[in-house]
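**Student:** Here is the input, now give the coordinates:
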Amino acid sequence: MPASIDNPHPGLSILSGTASGPVVAMDEGLSFWGGVDAATGTVIDVHHPRHGASLAGAVVLMPTSRGSCSGSGVLLELAMAGRAPAALIFSEPEDTLTLGAIVAAEMFGRAIPVLRLPAEAFAAVAAARTASITPEAVEIEGLRITIAPPPPGALALEARDRAMLDGAEGPALQQAMRILVAMARQQGAAALTDVTRAHIDGCIYAGPANLIFAETMETLGARVRVPTTMNAISVDRQNWQAQGVPPEFGGPAARLADSYVRMGCRPSFTCAPYLLDDAPGAGEPIGWSESNAVIFANSVLGARTAKHPDFLDLCIALTGRAPLADAFLEEHRRARRIIDVELPEGAGPEVWPLIGYLAGHAAPDRVPLLRGLAGARPDQDDLKALCAAFGTTSAAPMLHVEGVTPEAGREVDPGADRVVITRALLAEGWARLNQGPEAVDLVAIGSPHASLAECHALADGLAGRRRNPEVAVIVTAGRQVIAAAEADGTTARLRASGVEVIPDLCWCSISRPVFPAAAQTVITTSGKYAHYGPGLSGCAVRLGTLGDCVEAALTGRAPPRRPGWLS
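**Tutor:** Numbering: from 1, shown residues only. The predicted structure follows:
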């Protein structure tokens, strides 16, 4: 009989089931969107230690996931194609992949066991070659680890919640509430809370599963009941056919967007909803998805939202309710790690995505307080870049910047520890994201979507100068920003310089042939896209200054080098 780990706290069977397979263990969290090929289950994040590993049919261990809220959609796509992990095991709370597994089981009968194990048991399974899972235990090479369902929670449902759950308001709301309740219980939420608005990230087309989910909910009668904006989608909605996008991709991607619009969502098609005229205010409870938007809303605007996975976003929009957990609660907004940043004198705007990227690595599972940055007086675009890059490498829903963000003066968790981002770490991080050839084929601006000020800066940098015709320069931006740029003449200036301005898409959803087919090396000002881009595009993607991007547009070359303030 196998030995057992003697632990007073058994593992938790978040989603019960039976599975077995080879163990693929990760010391570092992974974003499934941009990090895992939705068709094969292979890790495509070139910056991740397990790059190239196959997760299909494996018992996958990681502390928690990180990065994009769209990871739930990738997991559902893998489940529908029979390429999903056999099971997922975490050592810390995790929402995004768990929600994908909930939807796979709840709506499509595709069970993926999800477990949470204490440290000793997690380490034992991580060291094993294979593992078998039953509803009662994990067995590895002569060792048996007991698991049990989470203790019955104290989730208190109001009469209106119960009415939806019982089907009194129709099958769509019943299904949405079933998913919400399952998520709330695994989060340990005591109740649900009202939200004033929602933002849908699940409108990005990861594959047929996203479309099946949306059209199933629409067929059930789904209709949003709070104002709901939509993320960037996977095609330029009005122009994809003229752009040569294959119908087998463009058709379903457009259908997905249209389904959400028919369910009452606003066709804002932007991954930066905080740039819209009606951005949420301080203390406002909202139900947002899309990692950079969530972090900006919590950190910079002072609104309150959890980092909601795709599919849960629609459930929130349909019901107007969200689990009262995570960053909705005061205790989960306190900083649990202090990060002192040695900011070099004269640092330019390109320091903000770099700091965000490194801060996410330094605080992969907790809210940090960044110190030493107030003197640089970051503007909205600086903070946008900071939050987006942080969300790429961290699972946390927010950060604080001392002297800058509105809640940075709140009480720090008494157990908070301290780390330092030194000048040397900044240089190492820049080098990590600036690898690639000197010759550049494509300049990528707008991840997250470009602001009007960023469009102005690029237009000023290129004004009156002869661009290399062999280098494509593309800006992705939201429709509202593009309309403002049209009105003040900025888009005319950009087009005169050979710049293409594209609505609806963002760099994390763009595909060929809109993404130039011949491009091999890309330069961007985005820390987020410098990380995800190689896996998504198959190209070398380098982080550069705006000056580097302008130089590449003019000459076709941008030598890999440190900014002057790092030299």
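**Student:** can you pull the contacts of residue 488?
**Tutor:** Residues in contact with residue 488 (C-beta atoms under 8 Å, 6 or more residues apart in numbering) are residue 452. Using the backbone N, CA and C atoms, a C-beta is placed for each residue, glycine as well.
**Student:** do residue 295 as well
**Tutor:** Residue 295 neighbours (C-beta under 8 Å, 6+ apart): 307, 387, 388, 390, 391, 396, 397, 398, 399.
**Student:** if I look at the last one, how far off is residue 125?
**Tutor:** This points to residue 399. Going from residue 399 to residue 125 by C-beta to C-beta, to the nearest Å gives 31 Å.
**Student:** Of these two, which one has the most company?
**Tutor:** residue 399 (29 against 24; other C-beta atoms under 10 Å).
**Student:** can you give me the offset of the helix or strand hosting residue 172 from its chain's centre?
**Tutor:** Element membership for residue 172, per DSSP states H and E: helix 171-187. Distance, stretch centre to chain centre, for helix 171-187: 22 Å (C-alpha atoms, centre = their mean, to the nearest Å).
**Student:** Next: stretch 160-178.
**Tutor:** 28 Å.
**Student:** what comes up buried for it?
**Tutor:** 161, 164, 165, 169, 172, 173, 174, 175, 176, 177, 178 (16 or more other C-beta atoms under 10 Å).
**Student:** Find the nearest non-adjacent residue to the third one, please.
**Tutor:** Leaving aside its sequence neighbours, residue 165 sits nearest to residue 177 (C-beta to C-beta, 6 or more residues apart in numbering; 4.4 Å).
**Student:** Let me see the ranges of the helices in the stretch 451-567 of the chain.
**Tutor:** Remark: helices assigned in the stretch 451-567 of the chain by DSSP state H, counting those that start in this stretch are 452-462, 479-487, 490-496, 527-537, 546-555.
**Student:** The shortest one - contacts with which helices or strands?
**Tutor:** This points to helix 490-496. Contacts defined by 3 or more C-beta pairs under 8 Å, 6 or more residues apart in numbering; DSSP states H and E place helix 490-496 against helix 452-462, helix 479-487, strand 499-502.
**Student:** tell me the angle the first one makes with helix 479-487.
**Tutor:** Taking axes from the mean of the first three to the mean of the last three C-alpha atoms, to 10 degrees, helix 452-462 and helix 479-487 form an angle of 40 degrees between their directions.
**Student:** What distance do you get for the residue nearest the centre of the chain to residue 330?
**Tutor:** The C-alpha lying nearest the average C-alpha coordinate of the chain belongs to residue 68 (C-alpha atoms, centre = their mean; 1.7 Å). Distance of residue 68 to residue 330, computed by C-beta to C-beta: 26 Å.
**Student:** the helices in the stretch 301-450 of the chain, which residues?
**Tutor:** Under DSSP H, counting those that start in this stretch, the stretch 301-450 of the chain gives helices at 312-319, 351-362, 380-393, 423-433.
**Student:** deepest of these, which one?
**Tutor:** helix 312-319 (a mean of 30; mean count of other C-beta atoms under 10 Å).
**Student:** And the contacts of that helix?
**Tutor:** 69, 72, 99, 161, 164, 172-173, 176-177, 179-180, 183, 195, 198-202, 214, 217, 222-226, 228, 260, 263, 265, 287-289, 308, 322.
**Student:** Now the phi/psi pair for residue 67, please.
**Tutor:** Main-chain torsions, residue 67, degrees, to the nearest 10: phi 80, psi -140.
**Student:** ditto for residue 191
**Tutor:** Torsion angles, degrees, to the nearest 10, at residue 191: phi -160, psi 170.
**Student:** That one and residue 156 touch, don't they?
**Tutor:** Yes. Residue 191 is within contact range of residue 156, at 5.0 Å (criterion: C-beta atoms under 8 Å).
**Student:** So for the two, which sits in the more crowded spot?
**Tutor:** residue 191 (15 against 11).
**Student:** Which secondary structure element is home to the residue nearest to the centre of the chain?
**Tutor:** Going by DSSP H and E, residue 68 is not in any helix or strand.
**Student:** Number the residues from 816 up from this point.
**Tutor:** All right, first residue 816 from here; so that's residue 883.
**Student:** Now it: closest residue in space that isn't a chain neighbour?
**Tutor:** The nearest residue in space to residue 883 (C-beta to C-beta, 6+ apart) is residue 848, at 3.7 Å.
**Student:** Then residue 993?
**Tutor:** residue 921 (6.2 Å).
**Student:** And for residue 1028?
**Tutor:** Nearest residue to residue 1028, sequence neighbours excluded (C-beta to C-beta, 6+ apart): residue 1126, at 6.1 Å.
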